[in-house]
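Student: turn this into a model:
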Amino acid sequence: MLLQVLGTAAGGGIPQWNCACPGCSGARAHPERRRRHASLAVATGEGRWYLVNATPDIGDQIETHPALQPGPGSRRTPIAGVVLTDAELDHTLGLARLREADGVDILATAPVRRALTDRLRLDQVLGSYTALTWRELPCHGAEPLHGGARGPTDAGVRITAVPVSGKRPRYAADAPEDDAWVVALRLYEPATGRSAVYAPAVAVWSDALHRAAAEADCVIVDGTFWDDEEPRRTGISSRTATGMGHLPIDGPGGTAGLLATLSARCYYTHLNNTNPLVDPTAAQHKRLARLGIEVADDEMVIEL
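Tutor: The predicted model follows:
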């Protein structure tokens, strides 16, 4: 299994355009600290890739990685489709950038699809440019990510959604409740028996998520905030990290202690600009290293 990390920042990216906090100012002074919106590319075989989430940075993310760039035909692209973990704007706005495609294959849970089609009217807006093909992202069973011709030789990667939160985006705050609004992804490659879990937003560490993580060879998980009080301490919100739908890394109930019990390679992604981990010299990196945990970097390649 081949995974290409396309970005590791929470909403707004690092630096955020209207922010001069230490994290954003540090990224402006040290360009190597810049982080694009959290996203992942999954190789499905024969030079085909699925993008996990379509961020506002999707054009630059594709251009940064030669394997994702078009060719050899003038309009031939290796991008086979998009998998969505939720309906948040920072994970879906990039769909509009794909309007030049002949068609876009999108895997999403039912509430995410309804939000994008009923609230954002994506079918109506993009339907004049390209054809959107929606596939159900299953919470039971698995759906194949097809890299090319669909047949018995296309082992590819199979994907399952693991519900982690009923948090709805603000534009759909009055939509019906559903525990599949935000999901983690279990990626499984039958040919090798390898699996990975990608969970850029985690509000609850459920039994199902723990089972998937315990069986995985690699876990890439929500590292939005270092501790629960970070949003209030830094003044970006009146709510705690958990109140905003993100389990913190450190402290009681933090994910670092949970990840430390796993045998998988563990990485954090989706870092907010207030998180001290955006500074590579921060002492918090050493604390994670002692637990065998790393922070994922933009452009990192993970091969399982």
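Student: let me see the ranges of the strands in this protein.
Tutor: 2-7, 39-45, 48-52, 79-83, 103-108, 131-136, 143-145, 157-165, 182-189, 194-199, 218-222, 265-269, 293-295, 301-303 (DSSP state E).
Student: note down every partner strand of the second one and its orientation.
Tutor: Applying DSSP bridges to the sheet, strand 39-45 is found paired with strand 2-7 (antiparallel), strand 48-52 (antiparallel).
Student: need those strands in a markdown table (columns: mean neighbour count, mean pLDDT and distance to residue 245).
Tutor: The C-beta positions use only the backbone N, C-alpha and C, and glycine is treated the same way. What follows is the strands paired with strand 39-45, written out as a markdown table (neighbours: other C-beta atoms under 10 Å; pLDDT from 0 to 100; distance: least, C-beta to C-beta, whole Å):
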| stretch | mean neighbour count | mean pLDDT | distance to residue 245 |
| --- | --- | --- | --- |
| strand 2-7 | 23 | 98 | 19 |
| strand 48-52 | 23 | 97 | 18 |
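Student: so which of those strands is nearest residue 250?
Tutor: Closest to residue 250 of the strands paired with strand 39-45, according to C-beta to C-beta: strand 2-7, at 22.5 Å.
Student: tell me the gap between that closest one and the middle of its chain.
Tutor: Centre-to-centre, strand 2-7 and its host chain are 10 Å apart (C-alpha atoms, centre = their mean, to the nearest Å).
Student: for residue 146, give me the pLDDT.
Tutor: Residue 146 carries a pLDDT value of 74.
Student: what's the answer for residue 45, then?
Tutor: 80.
Student: of all the strands paired with strand 39-45, which lies closest to residue 131?
Tutor: Closest among the strands paired with strand 39-45, once you apply C-beta to C-beta, is strand 48-52, at 17.2 Å.
Student: just the C-alpha atoms of that closest one, please, in PDB.
Tutor: The C-alpha trace of strand 48-52 is given here as PDB (Å, rounded to 0.1, in the frame of the first residue of the first chain):
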ATOM      1  CA  ARG A  48      -4.300   5.600 -10.400                       C
ATOM      2  CA  TRP A  49      -4.900   7.500  -7.200                       C
ATOM      3  CA  TYR A  50      -7.800   8.500  -5.000                       C
ATOM      4  CA  LEU A  51      -7.600  11.700  -3.000                       C
ATOM      5  CA  VAL A  52      -8.900  11.600   0.600                       C
END
